[in-house]
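1. okay, predicted coordinates and the sequence, questions at the end:
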Amino acid sequence: MAVFTTFAPSTAITVLGVAFGMNLLARGVGETYAIFLLPLGDEFNWSRSELTSVYSVLMVAQGFASPLAGSIADRFGPQGSYLFGLVCLGGGYLLAARLDSLWQFYLCVGVLGGIGAASLGMIPTQVLISRWFRTRLATAIGVAYAGLGSGIILIVPLTQIAIDDLGWRGAYTLLGTVLLSLVLLIAIAPWDKWWRKRREAPPIPAPPQATGVDHEPRPGSAGPRVRSLRDALRERIFWGLFGILFFTSCSIFSLTIQLPAYLVSLGYSAVAAATAFGALGLLSTAGMVLSGSSVDRIGRRSTATAAYIFTLAGLALFWSMAFLPAIGILVFAVAFFGVSMGSRGPIVSELAARLYPGGRGGGIYGVLVLGMGFGAGAGSQISGLLFDWTGGYAAVFAFSMASALLGMAWFWLIPALATGKRQRGA
């Protein structure tokens, strides 16, 4: 069965590569803040909750900026969104090298970083990919999502090396300069070929039936088309997708923002902690690709449930390291948590592309991503507060596990999230 919506598969692959690269930058650069956490704390003597609050602002700003990024992508195409994102993220990080107060970090790393990450990430990517891929949309989105994990494994360890060699200010200068240098490349790229001359694809058919899984008995459309954000907000399925992103992000980001510091507290070096953190990205890359292809084969609910089980297993293993910080436990913890870390994202993106096709899809998906921003912001901030209140990480792990269970529940409470078909009253 053909994967592409066009007889130019090489162009489709190029487009997918661009989407992968933009996701790599959006997530990889944003996640470097976990590596800056300890150097900033050492220099400014801020509490853990103050330090994590900068990351919370970044994630909430990313959520609030998501509808804007979707509107820009719908109106001006992905190129406009990518250019805007590079200027915001690169400019914010370049300014961060010269900061010395918390409110300045809120503005430059938090607000500008969040707006930039939203404008570079999956929102314009989802709009772009849905024009080029049809029958294996979930697989294509999974490949694009893999850029998020690749950014962590590539950029985070390199940032730790830059901090060791240049200091945290020099590292921020380097990141900002690299991002701003990419503006020209995106500006001169052949968007007439990649976007403007590509006619919008018709509604995406549901994936083929797989024996014993969650799909409807026969392929077809996703149901009556939702023509506006107001229509989407009336649907239970929209709020189910929002809830998945919110609670899953609470679970993931309450741990990731603290993980390097947690490993250092157990006796691991800063470079080893950054490497373990980066390994999560490497494994999440594989998990995102597998998640997308798994949806096409065994269904959404089965794929999502397996991913949440892996997340819970990884959290339990990380928690157990407080009592036995053995390298073998760390390896298995990273493996379980990493392979599932971003695996729900392709499922939600595929559902959004299928259920909300057409010219309003980017804006609707942008509002959905508010759930991720709010969840990540709440999770990281609550994580910092729990550490300050308890002086340890046990409450952080308990909170993360409870959030994962709440995220999984939506796939079982709303049948349309398994079938990909809008039902009456859904």
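-> Yep, it's here.
2. helices or strands next to the host helix or strand of Val396 in the packing?
-> Val396 belongs to helix 394-413 when assigned by DSSP states H and E. Helices and strands touching helix 394-413, as assessed by 3 or more CB pairs under 8 Å, 6 or more residues apart in numbering; DSSP states H and E, comprise helix 236-256, helix 300-320, helix 361-390, helix 416-419. Heads up, the C-betas are built off the backbone N, CA and C, glycines and all.
3. mind listing what's buried along it?
-> 395-397, 399-401, 403-404, 407-408, 410-411 (16 or more other CB atoms under 10 Å).
4. list of residues touching that helix?
-> With CB atoms under 8 Å, 6 or more residues apart in numbering as the test, helix 394-413 has contacts from 240-241, 243-244, 246-248, 250-252, 254-255, 258, 300-301, 304-305, 308, 311-312, 315-316, 318-319, 322, 344, 375, 379, 382-383, 386-387, 389, 417-418.
5. are any of the residues you listed buried, and which?
-> Buried among these (16+ other CB under 10 Å): 240-241, 243-244, 246-248, 250-252, 254-255, 258, 300-301, 304, 308, 311-312, 315, 318-319, 344, 375, 379, 382-383, 386-387, 417-418.
6. low-confidence ranges, this structure, go.
-> 1-8, 134-136, 196-228, 357-363, 422-426 (pLDDT under 70).
7. ok, longest helix in it?
-> helix 48-96 (DSSP state H).
8. the inter-axis angle of that one versus helix 361-390?
-> Relative orientation of helix 48-96 and helix 361-390, computed by axes from the mean of the first three to the mean of the last three CA atoms, to 10 degrees: 130 degrees.
9. just to revisit the earlier point, list every C-alpha atom in the helix holding Val396, with coordinates, as PDB.
-> Extracted in PDB, the C-alpha atoms of helix 394-413 (Å, rounded to 0.1, in the frame of the first residue of the first chain):
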ATOM      1  CA  ALA A 394       9.700  10.200  46.800                       C
ATOM      2  CA  ALA A 395       6.700  12.500  46.500                       C
ATOM      3  CA  VAL A 396       7.900  13.500  43.000                       C
ATOM      4  CA  PHE A 397       7.800   9.800  41.800                       C
ATOM      5  CA  ALA A 398       4.400   9.200  43.400                       C
ATOM      6  CA  PHE A 399       3.000  12.200  41.700                       C
ATOM      7  CA  SER A 400       4.400  11.200  38.400                       C
ATOM      8  CA  MET A 401       3.000   7.700  38.600                       C
ATOM      9  CA  ALA A 402      -0.500   9.000  39.500                       C
ATOM     10  CA  SER A 403      -0.500  11.300  36.600                       C
ATOM     11  CA  ALA A 404       0.500   8.500  34.200                       C
ATOM     12  CA  LEU A 405      -2.500   6.500  35.400                       C
ATOM     13  CA  LEU A 406      -4.800   9.400  34.800                       C
ATOM     14  CA  GLY A 407      -3.500   9.900  31.300                       C
ATOM     15  CA  MET A 408      -4.000   6.200  30.400                       C
ATOM     16  CA  ALA A 409      -7.600   6.300  31.700                       C
ATOM     17  CA  TRP A 410      -8.800   8.600  28.800                       C
ATOM     18  CA  PHE A 411      -8.100   5.900  26.200                       C
ATOM     19  CA  TRP A 412     -10.500   3.600  28.000                       C
ATOM     20  CA  LEU A 413     -13.200   6.100  28.900                       C
END
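10. and that helix, how far out from the chain's middle?
-> 17 Å (CA atoms, centre = their mean, to the nearest Å).
11. ok, stretch 313-323 next?
-> The answer for stretch 313-323 is 23 Å, by CA atoms, centre = their mean.
12. who's in contact with that stretch?
-> 251, 255, 259, 262, 266, 329-330, 332-338, 340, 392-394, 397, 400-401, 404.
13. switch to 10 Å and redo it
-> Around stretch 313-323, the neighbours that count as contacts under CB atoms under 10 Å, 6 or more residues apart in numbering are 251-252, 254-255, 259, 262-263, 265-266, 268, 280, 283, 326-341, 392-394, 396-398, 400-401, 403-404.
14. hmm, Ser340 and Ile252 touching each other?
-> Yes: counting by CB atoms under 10 Å, Ile252 does reach Ser340; the two are 9.1 Å apart.
15. pull up the overlap in contacts between these two.
-> 284, 311, 404.
16. columns distance to Tyr82 on top of those residues, output as JSON lines?
-> Below are those laid out as JSON lines (distance: CB to CB, whole Å):
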{"residue": "Ser284", "distance to Tyr82": "22"}
{"residue": "Thr311", "distance to Tyr82": "30"}
{"residue": "Ala404", "distance to Tyr82": "32"}
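17. out of those, the closest to Ser119 would be?
-> Ser284 (21.5 Å; CB to CB).
18. what about that closest one, neighbour count?
-> For Ser284, the count of nearby residues is 29 (other CB atoms under 10 Å).
19. for it, which residues are in contact?
-> So Ser284 contacts 27, 145-146, 148-153, 252, 291, 337-343, 345 (CB under 10 Å, 6+ apart).
20. picking that back up, got the angle for the longest helix of the chain vs helix 236-256?
-> Using the same axes, to 10 degrees: helix 48-96 against helix 236-256 is 90 degrees.
21. now Ala232: how far from Gly70?
-> 12 Å (CB to CB, to the nearest Å).
22. of these two, who's got more company?
-> Under the criterion of other CB under 10 Å, the comparison of Ala232 against Gly70 puts Gly70 first, with 28 against 23.
23. excluding sequence neighbours, find me the nearest residue to the more buried one.
-> Using CB to CB, 6 or more residues apart in numbering and skipping the chain neighbours, the partner closest in space to Gly70 is Gly366 (2.7 Å).
24. I'd say the one you found and Leu245 touch.
-> No: assessed by CB under 10 Å, Gly366 is found out of contact with Leu245, at 11.9 Å.
25. what sits in contact with each of those two?
-> Contacts common to Gly366 and Leu245, judged by CB under 10 Å, 6+ apart, are Gly63.
26. more neighbours, these two?
-> Gly366 (30 against 25).
27. please list all residues in contact with the more buried one.
-> 63-74, 81, 118, 122-124, 126-127, 229, 352.
28. let's see 6 Å
-> 66-67, 69-70, 123 (CB atoms under 6 Å, 6 or more residues apart in numbering).
29. again with Leu112
-> Leu112 neighbours (CB under 6 Å, 6+ apart): 88, 92.
30. how near is it to Arg131?
-> 29 Å.
31. same check on Thr311?
-> From Thr311 to Arg131 the distance is 32 Å (CB to CB).
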